[in-house]
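Visitor: Okay, here's the prediction I keep looking at, along with the sequence it came from:
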Amino acid sequence: MVVNVNDKDISAKTKGGDVSTIPYGMIVWSTGIGTRPVIKEFMKQIGQGNRRALATDEWLRVEGCDNIYALGDCASINQRKIMEDIADIFKKADKDNSGKMTVKKFQKVMGEICDRYPQVELYLKSKGMRGITDLLKQAQAENGSNKSTELNIEELKSALCQVDSQVKFLPATAQVAAQQGTYLAKCFDRMEQCEKNPEGPIRIRGEGRHRFRPFRLYPNMPSYTLSH
């Protein structure tokens with residue numbers, strides 16, 4: 001990310017946070033475009049007037065609206081933070097209400113949690129961990145616990161407290177918009193079917209399942225060109 005430009009060089013921040021200086025002879029600067037007036041007006045109407053893009057949930061539904069969807073660079077997904085739901089996650093996994101969660105209990109809902117909170121999987125990969133067992137054992141070690149088979153809610157919070165640092169906004173590119181369009185088309189085609197037989201992950205707050213799996217970006221999908 002470019003953080004400064006002067007008459008001789010460019011200062012850019014790397015993924016690790018370090019700033020490097022790059023000398024240049026000529027700069028060609030390509031900037032983005034502004035929000036379309038129709039989107040600006042709509043954002044004001046729904047109380048999102050102070051944002052740069054429409055806020056949607058992980059199903060691309062505009063927040064605060066039941067049946068309005070947005071995709072592409074006019075919108076950004078507000079990925080739900082796992083720490084907002086940590087008590088409900090513990091309760092969902094602790095089916096016998098023992099107040100203790102075994103690794104085995106947590107593993108039974110792990111797939112559902114990764115579907116709902118993709119930042120968990122990203123965090124495990126960033127730390128070189130093979131699975132949730134490594135994460136829980138690390139948290140127990142940091143808390144001075146010698147237990148290897150169970151943990152309480154405070155230990156679960158400790159294990160997952162850094163996971164939300166992996167939440168990132170999707171790039172405003174044609175490739176992302178194309179995948180979002182394909183995703184929504186499939187959802188709309190199966191709307192009636194999934195009302196009766198939901199195929200998404202379990203609802204952490206409440207009962208049952210979400211109708212669909214949340215949108216996930218597949219980085220290795222082929223590139224697309226979209227015309228406006």
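Guide: Now that the structure is in, tell me what you want to look at. Residues are numbered from 1 along each chain as shown.
Visitor: And the strands in the protein, which stretches?
Guide: Ranges of strands within the chain are 2-5, 9-13, 19-23, 54-56, 75-77, 101-102, 150-151, based on DSSP state E.
Visitor: now these as a markdown table including mean neighbour count, distance to residue 159 and mean pLDDT?
Guide: For the C-beta atoms, the positions are set from N, CA and C on the backbone; glycine is no exception. A markdown table is the format used below for the strands of the chain (neighbours: other CB atoms under 10 Å; distance: least, CB to CB, whole Å; pLDDT from 0 to 100):
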| stretch | mean neighbour count | distance to residue 159 | mean pLDDT |
| --- | --- | --- | --- |
| strand 2-5 | 11 | 34 | 90 |
| strand 9-13 | 14 | 30 | 92 |
| strand 19-23 | 10 | 32 | 93 |
| strand 54-56 | 20 | 29 | 95 |
| strand 75-77 | 20 | 25 | 93 |
| strand 101-102 | 20 | 10 | 75 |
| strand 150-151 | 22 | 7 | 73 |
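Visitor: can you redo these as CSV with distance to residue 203?
Guide: CSV is the format used below for those (distance: least, CB to CB, whole Å):
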stretch, distance to residue 203
strand 2-5, 41
strand 9-13, 39
strand 19-23, 43
strand 54-56, 18
strand 75-77, 18
strand 101-102, 19
strand 150-151, 23
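Visitor: Indicate which one of these is closest to residue 134.
Guide: Minimum separation from residue 134 across those (CB to CB) falls at strand 150-151, 13.3 Å.
Visitor: average pLDDT across the lengthiest helix in the chain?
Guide: Scanning the chain for the helix with the most residues, using DSSP state H, yields helix 174-189. Mean pLDDT, computed over helix 174-189, is 94.
Visitor: I'm done for today, thanks for sticking with me.
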